[in-house]
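# with the sequence up front, the predicted model follows.
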Amino acid sequence: MSPGLPYLVVRCHSLLGRLLTPSDMRRLAEAGDIEGFLRLLSHTPYGEIALEEGVDPSISLERALNYKLLGRVEEVLRAAPGRMGAFLEVFTLMRLEVINLKRILRGRFTGLPPSSIMASLIPMQPYGVADYGELAEAGDVVEVVSRLRGTPYEALEEVLDLLRLFDALWPLELRLSHLYFSEVSREAEVLPSVARSLARRLIGVEVDVENLLAAIKLRAVEKRGEVLRRIGEIFTSTYLIEHGLIKRVIEAEALQPLIRGLDHPYDWILEPLLEDDMAMIRARLRRYIRTLAMDGRRVDDYGMSVALSYIMLNELEKDDLVSIGWGLIQGIPMEDVTRYLTHSL
Amino acid sequence: MSLSGVRPTKGFLMELKRRIRFIERGCEFLKLKRDHLAKELSASIEVLKGRRRLLLAELREAYRALTAAYIALGPTEVKSQARSVRRGLKVDIIPRSVMGVLYPYVRRCEKPSIEGELDVTLRRVAEKMMEVIDDVIRLAEFEARIERIADELGKTNRKVNALENIVIPQHKRIIKFIEEKLDEESLDDLVRIKLIGGALARRRE
């Protein structure tokens, strides 16, 4: 155990107490309106949240909750010792930066004004790139990719011919997810074996589900033959789902037998696809990740896994709060919202 | 047409009789058109009710999927992905006609390219929304058609009523007036001829 790890573990244990309980979540979901929600939230460790004037309140709430998430992540990063800190930075900050880069690429793909692109980003300091503003102001997607030279994302250049071939952005978005997975897997080498395995599982299940969903999406593209021919180039990272299975998903006439035949947890996560409830796939993925994080913490309660669990649970909690807030702002019946939450209320 | 300006001549009477025959035939045609439009309208209203019910059900389903997508992905991500769709929906509006009634026909020229860009959750929502938009367009087109038919039915009905209750009776009154006037005149002529004939006979004696 490295000298700073006990402090990190103790710190994370104390921070875990800040997470909301299911009854807190239930009270928030039953707030009735967004004002009531913010009032109740102010009595929790999240404290006061003020929505920006002149901005869509649900976007403003998501931004505010992202700030809170980043603040919590920062606390963990400050307490993390040397190489563990470097790993946690990749695990958390690169994860959020990949989301921002996808939004920048989408914005440049359709020629959105840089101000609109910047407004859609998670409000964080850049992690692997120098400046988001500079990327948002690039002439087109190719220029964005060329400006990423010398960053952890420079491998995106290898995907530019796929971008031209399919005249679509998905190869770049998929590669960004793969780059994150490989970077986390590489950095996880510094972790003790239990935490390393948890980190790989947390990210691996996600990348596998992303790959399967991408394969399902690619069944509908015009150049399906090209996708199958270049499957190794497109799906550069996999965890437990191999290229053969991805290929079968793209080629299959019917998905039902394939999905039923998947190993656990993929069969359970993708099952809602058969009922045409795509959103439930994401909800189940999050629930599975939450279970992994909780189990990982139970197994390694005095190790690095506690930090990973805390970070993951924080992110899932933030997502649930964003969903509840959005539901209240839109006046959606709360039972329609809660069925997709990670917390079972 | 008032009686004051009427020329009580045989030529004008013949002209009026020809005109009233034409008006009565036109009125019959208008009645046929009115009945056809009324039939078309009542059948269309029944279809419209059914289509609206279906559309509402589809809309409910699409909104449920959209709500789920917002919850699953978050509002910022949904907006970001939605903005990555390059081509928008483009439509052409072409006029079509039923029994001479023009109504707009909407033809979809270009649909948004959602195949590759959106996450599967959002792609399914987009597909459902596209189906709903197609149905909304068809319904709007159908409603416009019904509206135009109803307008035309109103106009035709007013025309028939005006012909039946005003124009034709007026023409008939004028014809009757001219006929009476001509009868009177011919009676006058007859009396005058008789008187002249009597006077001439008396002179010859």
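Cool, the structure landed.

# only C-alpha atoms for contact and neighbour calcs from this point on.
Noted.

# which phi and psi values does residue 138 adopt?
Assuming you mean chain A. When read as degrees, to the nearest 10, the backbone of A:Ala138 gives phi -60, psi 150.

# quick one: contacts for the residue lying closest to it once chain neighbours are set aside?
Nearest residue to A:Ala138 in three dimensions, chain neighbours excluded: A:Val144, at 5.6 Å (CA to CA, 6 or more residues apart in numbering or on different chains). Residues in contact with A:Val144, defined by CA atoms under 8 Å, 6 or more residues apart in numbering or on different chains, are A:Leu105, A:Arg108, A:Leu135, A:Ala136, A:Ala138.

# tell me, how many residues neighbour the third one?
Number of residues near A:Leu135 (other CA atoms under 10 Å in any protein chain shown) recorded here: 25.

# point me to the helix or strand that includes it.
When elements are assigned from DSSP states H and E, A:Leu135 belongs to helix A:132-136.

# and the contacts of that helix?
A:Ile104, A:Gly107, A:Arg108, A:Pro114, A:Ile117, A:Met118, A:Pro126, A:Val144, A:Arg147.

# would you turn the contacts of A:Val144 into a markdown table with pLDDT?
As requested, those are exported to a markdown table (pLDDT from 0 to 100):
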| residue | pLDDT |
| --- | --- |
| A:Leu105 | 95 |
| A:Arg108 | 93 |
| A:Leu135 | 96 |
| A:Ala136 | 95 |
| A:Ala138 | 94 |
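
# mind checking which of the contacts of helix A:132-136 land in strands?
When the contacts of helix A:132-136 are checked against strands (DSSP state E), there are no matches.

# drop anything exposed from the residues you listed.
For these, a neighbour count by 16 or more other CA atoms under 10 Å in any protein chain shown gives the buried set as A:Ile104, A:Gly107, A:Arg108, A:Pro114, A:Ile117, A:Met118, A:Val144, A:Arg147.

# let me have these in JSON lines, extended by distance to B:Gly197.
Formatted as JSON lines, the buried ones among the contacts of helix A:132-136 follow (distance: CA to CA, whole Å):
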{"residue": "A:Ile104", "distance to B:Gly197": "115"}
{"residue": "A:Gly107", "distance to B:Gly197": "110"}
{"residue": "A:Arg108", "distance to B:Gly197": "111"}
{"residue": "A:Pro114", "distance to B:Gly197": "112"}
{"residue": "A:Ile117", "distance to B:Gly197": "112"}
{"residue": "A:Met118", "distance to B:Gly197": "115"}
{"residue": "A:Val144", "distance to B:Gly197": "118"}
{"residue": "A:Arg147", "distance to B:Gly197": "123"}
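
# quick check, stretch A:150-161 touching chain B?
No - counting by CA under 8 Å from any CA of the partner chain, chain B is not contacted by stretch A:150-161; separation bottoms out at 15.2 Å.

# residue contacts, whatever residue of the stretch 101-250 of chain A ends up closest to chain B?
Using CA to the nearest CA, the single residue of the stretch 101-250 of chain A nearest to chain B is A:Arg106, 5.0 Å away. By CA under 8 Å, 6+ apart, the contact list for A:Arg106 reads A:Leu169, B:Ser80, B:Gln81, B:Arg83, B:Ser84.

# setting aside sequence neighbours, what's the nearest residue to the third one?
Taking CA to CA, 6+ apart, and ignoring the residues beside it in sequence, B:Gln81 has B:Leu118 as its nearest neighbour in space, at 6.1 Å.

# so that neighbour, which of the three states?
Here B:Leu118 is recorded as coil under DSSP: H, G, I helix; E, B strand; the rest coil.

# circling back to that earlier point, from the contacts of helix A:132-136, pick the one nearest B:Thr76.
Ranked by distance to B:Thr76 (CA to CA), these are led by A:Ile117 at 10.7 Å.

# the closest one and A:Arg103 touch, don't they?
Yes - with contact defined as CA atoms under 8 Å, A:Ile117 and A:Arg103 form a contacting pair (6.9 Å).

# what residue lies at the spatial centre of chain B?
Taking CA atoms, centre = their mean, the centroid of chain B lies closest to B:Glu152, which sits 2.2 Å from it.

# same deal with chain A?
Nearest residue to the geometric centre of chain A (CA atoms, centre = their mean): A:Arg95, 6.3 Å.

# rewinding a little: just the ones of the contacts of A:Arg106 in helices?
Counted as lying in helices by DSSP state H, out of these, are B:Ser80, B:Gln81.

# got the contacts of A:Arg106 as JSON lines, with neighbour count and pLDDT columns?
Shown next, in JSON lines, are these (neighbours: other CA atoms under 10 Å in any protein chain shown; pLDDT from 0 to 100):
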{"residue": "A:Leu169", "neighbour count": "23", "pLDDT": "90"}
{"residue": "B:Ser80", "neighbour count": "20", "pLDDT": "91"}
{"residue": "B:Gln81", "neighbour count": "19", "pLDDT": "90"}
{"residue": "B:Arg83", "neighbour count": "19", "pLDDT": "86"}
{"residue": "B:Ser84", "neighbour count": "23", "pLDDT": "84"}
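
# and the top helix by length along chain B, what's its mean pLDDT?
Assignment by DSSP H gives helix B:10-73 as the longest helix of chain B. For helix B:10-73, mean pLDDT is 92.

# that one: how far from the chain's middle?
Relative to its chain's centre, helix B:10-73 lies at 8 Å (CA atoms, centre = their mean, to the nearest Å).

# what does stretch A:228-245 give?
20 Å.

# next, the buried residues of it.
For stretch A:228-245, the neighbour count (16+ other CA under 10 Å) marks A:Leu228, A:Ile231, A:Ile234, A:Phe235, A:Ser237, A:Thr238, A:Tyr239, A:Ile241, A:His243 as buried.

# still on that earlier bit, mind checking pLDDT for the residue nearest to A:Ala138?
96.

# got it, and A:Asn100?
96.

# what about it, which SS state?
A:Asn100 falls in the helix class when you classify it by three-state DSSP.

# thought it was touching A:Met124?
No - here A:Asn100 does not reach A:Met124: they are 9.3 Å apart, not a contact under CA under 8 Å.

# of these two, who's got more company?
Under the neighbour definition other CA under 10 Å, A:Asn100 and A:Met124 were set side by side, and A:Asn100 has more, 22 against 15.

# contacting residues for that one?
A:Leu121, A:Ile122.

# and stretch A:198-215 with chain B, contact?
Yes - interface with chain B: stretch A:198-215 contributes A:Leu213, A:Ala214 (CA under 8 Å from any CA).

# tell me the gap between that stretch and the middle of its chain.
Distance of stretch A:198-215 from the chain centroid (CA atoms, centre = their mean) equals 10 Å.
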